[in-house]
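Participant: I would like to see how this sequence folds:
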Amino acid sequence: MNRTVIITPTYNEKENVERLAREVFETGLEVDLLFVDDNSPDGTGVLCDQIAASDERVNVIHRSDKKGLGRAYVEGFKWALERGYDFIFEMDADLSHRPSDIARLLSAASDADLVLGSRFIGGIRVINWPLNRLILSKAAAFYVRLVTGMPFKDPTGGFKCYRRAVLDQIDLDAIQSNGYSFQIETTHHAWMRGFTVAEIPITFEERSVGSSKMSSEIVREAFWMVWKLLFRWGGRRSPASISPDSVVSLNHGGD
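Facilitator: Numbering: from 1, shown residues only. Model prediction:
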């Protein structure tokens, strides 16, 4: 077993998972891969099992039905913590996150407890996004900063690396979010507990195969979640004690 695991939730990603696994391992990094499949009707889970059968670095969790992104990650986090991994990644299955960036996030984790892959450091680093998605994402980032006080440029991004100490300190069963606001909630927990959070630039490319999971329900959940987070911490918009090193922007070789 390696010290690092990449957790990838899947739902109808049959056309992407084999290529994702191949490109992750082509990096040469000593990492394991965990697919968490929500009983995909297109057979993604079956294909993940086939990949795992031929490579001991690949593992699969099968869930009985579609329970959402947040619940998938929580289950994956618990699995990783039980097995003693030191570095735990979130990564999308649709190849919008480049496996070649994994090494940069892992390097940044030597100086931080949580590393966020940011689409908005050093300019707008997205490819093939429609304008409405870009506006929505940028507006969401501004809204999160305005309400919660978190200083991060891309708090809704889903390419992240946690040190296990961060997830050990979060009550995973108390996480309420299930859509993309899960990213906001977990980062907020880490930041408010005084963990060092770094952002590094990544390039995000819109999926070329399959369909986006974005929906109006997900947007509504994120809209209200930021207020729940503010009230949960008694209206505080910063950690009780914050050091100059607790928020870091790192380049780590961004192109």
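Participant: hey, let's count contacts and neighbours off CA atoms from now on
Facilitator: Noted.
Participant: For stretch 108-116, the averaged confidence score.
Facilitator: Confidence over stretch 108-116 (mean pLDDT, whole number) is 96.
Participant: Equivalent analysis for stretch 187-196, please.
Facilitator: If you average the pLDDT over stretch 187-196, you get 95.
Participant: List the buried residues in it.
Facilitator: By 16 or more other CA atoms under 10 Å, the buried positions in stretch 187-196 come out as T187, H188, H189, A190, W191, M192, R193, G194, F195, T196.
Participant: tell me the centre residue of this structure?
Facilitator: Geometric centre of the chain, nearest residue: G158, 3.1 Å, by CA atoms, centre = their mean.
Participant: Mind checking which of the buried residues of stretch 187-196 are in strands?
Facilitator: Applying DSSP state E to the buried residues of stretch 187-196, no entry is found in strands.
Participant: Please tabulate these in TSV and include distance to D111 as additional columns.
Facilitator: Shown next, in TSV, are the buried residues of stretch 187-196 (distance: CA to CA, whole Å):
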residue	distance to D111
T187	16
H188	19
H189	19
A190	15
W191	15
M192	18
R193	17
G194	14
F195	11
T196	8
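Participant: coming back round to it: dihedrals phi and psi, the residue nearest to the centre of the chain?
Facilitator: phi -110, psi 20 (degrees, to the nearest 10).
Participant: What does the pLDDT read for it?
Facilitator: We have a pLDDT of 94 for G158.
Participant: how about the helices in the stretch 101-250 of the chain?
Facilitator: Under the criterion DSSP state H, counting those that start in this stretch, helices of the stretch 101-250 of the chain are mapped to 102-108, 131-148, 164-169, 181-192, 216-232.
Participant: what helices or strands is the helix or strand containing K78 leaning on?
Facilitator: Element membership for K78 (DSSP states H and E) is helix 69-82. Applying 3 or more CA pairs under 8 Å, 6 or more residues apart in numbering; DSSP states H and E, we find helix 69-82 packed against strand 4-10, strand 31-37, strand 87-90, helix 164-169.
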